[in-house]
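[1] Below: sequence and its predicted model.
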Amino acid sequence: MMIRLATREAHLVDLLDRILDKGIVVDVRTRLTVAGVDLGITVKARIVVASIETYLEYAGPGHPRVR
């Protein structure tokens, strides 16, 4: 029986392939406060990482959840 050792590059390629296939959404909301005083500044960000095919399938133009 032969034992194959996986290289780090193979793991990164597999991870990138899975991310592009399934997609990742990171939703961030931050409020700026200094010394306990809310300054009323809010930062909102949504980061989407996916392949074009995955994007068009799940959230592309004409999809009901896209605003």
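    Arrived safely, thanks for sending.
[2] alpha carbons only for contacts and neighbour counts from here, please
    OK.
[3] all strands of this protein, in order?
    Per DSSP state E, the chain carries strands over the ranges 24-34, 37-49.
[4] Switch these over to CSV; also include distance to Y58.
    As requested, the strands of the chain are exported to CSV (distance: least, CA to CA, whole Å):
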stretch, distance to Y58
strand 24-34, 12
strand 37-49, 12
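[5] need the ones you listed in JSON lines with mean neighbour count and distance to H11, can you?
    Conversion of these to JSON lines gives the following (neighbours: other CA atoms under 10 Å; distance: least, CA to CA, whole Å):
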{"stretch": "strand 24-34", "mean neighbour count": "10", "distance to H11": "18"}
{"stretch": "strand 37-49", "mean neighbour count": "10", "distance to H11": "18"}
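[6] possible to save those strands as JSON lines with mean pLDDT and distance to L15?
    Below are these laid out as JSON lines (pLDDT from 0 to 100; distance: least, CA to CA, whole Å):
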{"stretch": "strand 24-34", "mean pLDDT": "87", "distance to L15": "12"}
{"stretch": "strand 37-49", "mean pLDDT": "86", "distance to L15": "13"}
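[7] And for stretch 37-46, what's in contact with it?
    The contact list for stretch 37-46, computed with CA atoms under 8 Å, 6 or more residues apart in numbering, reads 25-33.
[8] for these, which one is nearest T54?
    Ranked by distance to T54 (CA to CA), the contacts of stretch 37-46 are led by V25 at 12.2 Å.
[9] is that closest one in a bridge, and if so with what?
    For V25, the beta-bridge assignment (DSSP bridges) gives partners V48.
[10] pretty sure it is touching I19, no?
    No. V25 sits out of contact with I19 when judged by CA atoms under 8 Å, with a separation of 10.2 Å.
[11] which residues do these two both contact?
    Common neighbours of V25 and I19 (criterion: CA under 8 Å, 6+ apart): V49.
[12] Cheers, nothing more for now.
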